[in-house]
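K.L.:
Here is my input, please return the structure:
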Amino acid sequence: MLGRSSKLQQRVLALNTLAKVLENTRLGIFDSCFEAPLVPTLLDSGLLMLLRFSLDDNTPAVVAAALVAFSRLISSPFDETCLERCYGWHSGEVQPNLCSRVQMDSTDQEQEAEMKDNEIVLTFIKIH
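P.N.:
Numbers count the residues shown, from 1 in each chain. The predicted structure follows:
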């Protein structure tokens with residue numbers, strides 16, 4: 001995969017491509033192209049670890065491309081637009097309580113202390 005290449009330009013190109021794919025996925029462009037949802041498939045293939053390792057790189061271009069891809073993974077432009085419009089309201093800067101009612105099964109609760117961050121995220125995504 002180009003994201004782990006020894007060439008700087010190839011790593012940046014791979015991360016920029018992943019960022020664009022994630023952006024197009026959020027816009028619904030790929031909804032009819034694949035049978036399975038694309039984001040969980042990318043997460044199962046190790047996208048989080050690739051982005052995490054890219055953030056540790058000492059090259060600013062790779063770190064910037066990884067941050068863009070990571071932001072496209074976790075943020076929604078539609079939600080951001082709604083938050084910007086609500087900010088002017090009375091107490092608009094107060095974020096709503098978004099606590100989920102996710103119930104982890106007993107094996108996941110026992111293993112949670114030993115789980116790595118990416119395993120916890122994948123468990124949470126599989127529940128939803």
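K.L.:
got any ranges where this protein has weak pLDDT?
P.N.:
Low-confidence segments of the chain, defined by pLDDT under 70: 1-4, 92-93, 95-113, 124-128.
K.L.:
can we see that at 90?
P.N.:
1-9, 23-51, 57, 71-128 (pLDDT under 90).
K.L.:
what residue lies at the spatial centre of this protein?
P.N.:
Of all residues in the chain, the one closest to the mean position by CA atoms, centre = their mean is residue 73, 2.9 Å from it.
K.L.:
Could you find the closest non-adjacent residue to that residue?
P.N.:
In space, and not counting its chain neighbours, residue 73 is closest to residue 22: 5.4 Å by CB to CB, 6 or more residues apart in numbering. Placement of C-beta: from N, CA and C, glycine included.
K.L.:
Residue 53 - how many residues pack around it?
P.N.:
Residue neighbour count, defined by other CB atoms under 10 Å, stands at 14 for residue 53.
K.L.:
Give me the secondary structure label for it.
P.N.:
Recorded secondary structure, residue 53: helix (DSSP: H, G, I helix; E, B strand; the rest coil).
K.L.:
For residue 65, give its distance to residue 51.
P.N.:
Per CB to CB, to the nearest Å, residue 65 is found 10 Å from residue 51.
K.L.:
So between the two, which is more surrounded?
P.N.:
Set residue 65 next to residue 51 and count neighbours by other CB under 10 Å: residue 65 wins out with 24 against 20.
K.L.:
show me the contacts for residue 76.
P.N.:
Counting by CB atoms under 8 Å, 6 or more residues apart in numbering, residue 76 makes contact with residue 26.
K.L.:
Next, give phi and psi for it.
P.N.:
phi -120, psi 120 (degrees, to the nearest 10).
K.L.:
Same check on residue 20?
P.N.:
Residue torsions, per degrees, to the nearest 10, at residue 20 are phi -70, psi -40.
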